[in-house]
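Enquirer: I need the structure of the sequence given here:
(chains A, B and C)
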Amino acid sequence: MSPASEPPRPPRAERFGRSMRLRSGAEFDAVFAAKQRSRSGPLLVFGRPNGGPLSRLGLSVGRAVGGSVDRHRLKRLLREAFRTTRTDLPRGFDLLVVIRPHAFLRLEEYRDHLRRAAAGVARAWSRATPDAPSPPERSP
RNA sequence: GACGCUAGACAGGCGACCGCGUCCGGAUCACUCCGGCCGAGGAAAGUCCGAACACGAAAGGACGACGGUGGUGGGUAACGCCCACCGACCCCGCUGCGGGUCAGGGACAGUGCCACAGAGAACAGACCGCCUCCGCUUCGGCGGCGGCAAGGGUGAAACGGUGCGGUAAGAGCGCACCGCCCGGACGGCGACGCCCGGGGCACGGCAAACCCCACCGCGUGCAAGCGCAAGCAGCCCCUCGGAACGACCUUGGCUUCCAAGAGCGUUCCUCACCGCGGUCCGCGGGACAUGGGCGGGUCGCGUGCUAGAGGGCGUCGGCAACGGCGCCCCGAGAGAAAUGGUCGCCACGGGAUCGCCUCGGCGGUCCCCGCACAGGAUUCGGCUUACGUCUAGCGGCAGCA
RNA sequence: UGGGGAUUGGUGUAACGGUAGCACGACUGGCUCUGAACCAGUUAGUCCAAGUUCGAAUCUUGGAUCCCCAG
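Expert: Predicted coordinates:
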């Protein structure tokens, strides 16, 4: 494959690059400040429309959840769950997943919880702003 | 066989697919895409020590305060670490060139504490006792003047121990051995060991009690710091000497000039004042601000940032820790923070089951279960703690032969 | 990541190196027709492990847990 002849392509379905992550404290604060959230199992998901075509993921794992190894393992599992279910999730949302202390589950279960909670957040937004069926673009 | 001490090794492996991070090359509007290299630990941990590095006005010297360390010698960049040795204590039908443990300076510099029990607990003391003598006697003893501290008893600890002599009974009162103290010789760099002589014994324990002695240590820590960009708003308090020059102003005079005075500007000085760790020296700033107290702004990017007191092998020196020399090797540098997921096979541990069978193991099958402790964040050297195995050496113990 | 502090019954707190107290609570009994109050009694603790000491909640070392601060 010669790169020069290939035109640049958009990100494929199961990628997980920088454009799909929350990357600063300000972005995290904005999502928290929107105060729209939904819970499923050990996952508490905050959400806020970001005006773009892609949804972005942020993770918050407190020290009560476990040691460094456990916390990083959970973040990897949640990233994997986000990566593989991205097409099923609502588009154009910043999703902030807070993981609460619990007995650890398997990847499928985290995937289900993530899907359910993210859908809940999207419903909450459509209720809060009935005029805009699609995610509104505004800054608080 | 389990255990103790010591030393070393590993930290499941292979494959497929989907992914992640830095860097390099290329494409691109892009935080995207393509390709390539590399990508967690023995403890990365706790942050308990030691350093490198950085800033604090040179963070320079002396003293003090505070903190730390504590047998000796060596190793090291350094250490509270490591090695060797010494000493004390413990273990042994093996008594050794044995094994184990030790925060192991000083208790005649001073202060303090030693509860309860006990007669007496620190220049000690006499409860039960022992003994001479005197008196009484119901002949069992009782009382008294004295002598004594061996035995009993209390205690964690009772003012040298054991034995013999000695004595009314006793006592280092005398002697022997041991211990202790003092002096000396020899061996050792030294801690110390060993020997000789002297002294009848005075000198309890606790310094992980205060303390004394010796040695070491400035503070803060990569969120240190340096640079770039962006951005705002300053105010109050304390203090305010001198010299030269300059222009201006006021007053006076013998009016192109001179003298005095108030403030201003520039430069300089040091003695106020301030800073450099509490003081001093020394140094710096300096009549400005610093400083003290409020208030406001930013919180982005780059750098520090990873090759180092680095590892491996060989050789030489050394008992060893370690060091010299030669050759070879290169190992994450993120920034809401990278190693993951799924599947297959194998390995390991456990379970179930079948077979063999020397009754304790071996082999097969199943797939249900498990596969420790744990994840870089400036970097090294240690210590400590957590934890799954394997191997070797030494040691005593238990069982069997 | 770095720095600082704390830990004593269920809770809040005392204790020169010498017997672990106090208050509230809980439980039992009494008083009352019943309950409260009151009275009497009981329960239960030094975060863990080593060490120093005759003796440790206290001193030393290591560990655990929790809290706070910088950012």
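
Enquirer: for chain A, which spans come out with low pLDDT?
Expert: Applying pLDDT under 70 to chain A flags the ranges A:1-13, A:129-140.

Enquirer: Was I right to think A:Arg39 contacts A:Ala117?
Expert: Yes - the criterion here is Cβ atoms under 8 Å, and A:Arg39 meets it with A:Ala117 at 6.3 Å. (C-beta placed from N, C-alpha, C; glycine too.)

Enquirer: what about these two, which has more around it?
Expert: Between A:Arg39 and A:Ala117, A:Ala117 has the larger neighbour count (other Cβ atoms under 10 Å), namely 23 against 15.

Enquirer: Please point out which parts of the helix or strand that contains A:Leu74 sit buried.
Expert: Assigned by DSSP states H and E, A:Leu74 belongs to helix A:68-84. For helix A:68-84, burial by neighbour count (16 or more other Cβ atoms under 10 Å) applies to A:Arg71, A:Leu74, A:Leu77, A:Leu78, A:Arg79, A:Ala81, A:Phe82.

Enquirer: If anything else comes up later, I'll come back, but that's it for now.
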